[in-house]
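> show me how the following folds:
(one chain, ligands or ions: 2)
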Amino acid sequence: MEEKKLEKNVIEDLIHQAFEAQAKAYVPYSQFAVGAALLARGGRIYQGCNIENASYTPTNCAERTAFFKAVSEGITEFDAIAIVGNKKFVPKGEGDYCPPCGVCRQVMREFCNPETFQIILAKSETEYRIYTLKELLPLGFGPEDLI
Ligand SMILES: O=c1ccn([C@H]2C[C@H](O)[C@@H](CO)O2)c(=O)[nH]1
Ligand SMILES: [Zn+2]
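Ligands and ions are numbered 1, 2, ... in the order given. Next up, the predicted model:
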């Protein structure tokens with residue numbers, strides 16, 4: 001299993017692309033706009049935004065949008081994801097960190113190594129925190145447990 005520390009320019013590119021995706025969030029009900037940028041093994045980046053629905057429950061999170069875009073193109077190995085999120089109209093730089101919901105953590109668990117997958121939560125392109133999937137989903141249930 002490939003394991004290497006993310007370079008600063010890669011982290012900042014992911015955060016930049018997460019903000020770019022956030023601008024496309026479809027959030028007429030919550031006004032809470034989320035953007036994600038998912039780094040696939042080999043370097044390709046998949047962007048995703050949250051997409052809400054008048055019936056509420058069909059809403060898809062930004063993280064899962066990014067994962068499902070990649071997986072639907074046959075890409076199933078990933079190294080990192082950057083996530084940004086805040087209420088619309090909050091002045092830039094004043095948002096808080098946006099941790100992924102439980103459902104998205106479980107989707108990450110399906111495709112990512114909990115020990116090495118890096119989850120970058122960002123407030124701005126220079127203000128961020130990095131966690132492993134294992135830190136955010138300890139004792140998770142994954143594909144290997146289904147025996
Ligand atoms: O990590 C998160 C948390 C929330 N949301 C979305 C779902 C919904 O559209 C809105 C409010 O929960 O934010 C995400 O996309 N990702
Ligand atoms: Zn989610």
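> could you check how far the closest residue to residue 125 other than its chain neighbours is from residue 8?
Leaving aside its sequence neighbours, residue 125 sits nearest to residue 15 (C-beta to C-beta, 6 or more residues apart in numbering; 5.1 Å). In this view, the C-beta of every residue, glycine as well, is placed from N, C-alpha and C. Between residue 15 and residue 8 the distance is 11 Å, computed by C-beta to C-beta, to the nearest Å.
> between the two, which has more neighbouring residues?
Set residue 15 next to residue 8 and count neighbours by other C-beta atoms under 10 Å: residue 15 wins out with 24 against 9.
> show me which residues of this structure sit near ligand 2.
Selection of the chain residues close to ligand 2 by C-beta under 5 Å from the ion yields 61, 101, 104.
> switch these over to CSV; also include secondary structure, distance to residue 40 and neighbour count.
Below are these laid out as CSV (DSSP: H, G, I helix; E, B strand; the rest coil; distance: C-beta to C-beta, whole Å; neighbours: other C-beta atoms under 10 Å):
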residue, secondary structure, distance to residue 40, neighbour count
61, coil, 18, 21
101, coil, 22, 13
104, helix, 17, 25
